[in-house]
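sequence plus predicted model, see below.
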Amino acid sequence: MQITPKTTYAVRCMVYLKDHPGKLSNLEAISTGTLIPQPFLSKILQNLTKSGLIRSAKGKKGGFMLAFSPERINLYDIVRETSLGKAILKTNCGNCSCQDDACPVLPVWTDLEKALKVQLSSRKLSQL
């Protein structure tokens, strides 16, 4: 399993927005509140906006806010969007791609990814 800095930063950003409900937060405020460097944060916010998890408004009084209530967003939503539709569980045994039906370990990885999805889906943003 690979949880990247991008994923952990996206979760921190979403928690920050959850903790500032009903108002737009600008890039500088989110960066200061989460300790995420602004250039990296900007890319994460673009990705989260494109995915529909957050909304953005341009202009002097613009910023970012959650697109849904924190009860409707779970950790799996955030992890899935930051992995850009790729598998959350990255596997490579060395002898195969672990996507080959002949791989004897593939069922283990498949079951593990299903369990991971269940666990992450059960954790709502409102609980963090």
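That came through, no problem. Residues are numbered from 1 along each chain as shown.

which other helices and strands contact the longest helix along the chain?
Ranked by residue count, the top helix of the chain under DSSP state H comes out as helix 106-121. Here helix 106-121 touches helix 75-82, going by 3 or more Cβ pairs under 8 Å, 6 or more residues apart in numbering; DSSP states H and E. All C-beta atoms are positioned from the backbone trio N, CA, C, and that covers glycine.

run a quick neighbour tally on L41.
21 (other Cβ atoms under 10 Å).

tell me which element it is part of?
Secondary structure from DSSP states H and E places L41 in helix 38-51.

on that earlier part again, quick one: average confidence on the longest helix of the chain?
The average pLDDT for helix 106-121 rounds to 87.

ok, stretch 77-85 next?
pLDDT averaged over stretch 77-85 gives 80.

pull the distance from it to the chain's centre.
Chain-centre distance of stretch 77-85: 5 Å, with Cα atoms, centre = their mean, to the nearest Å.
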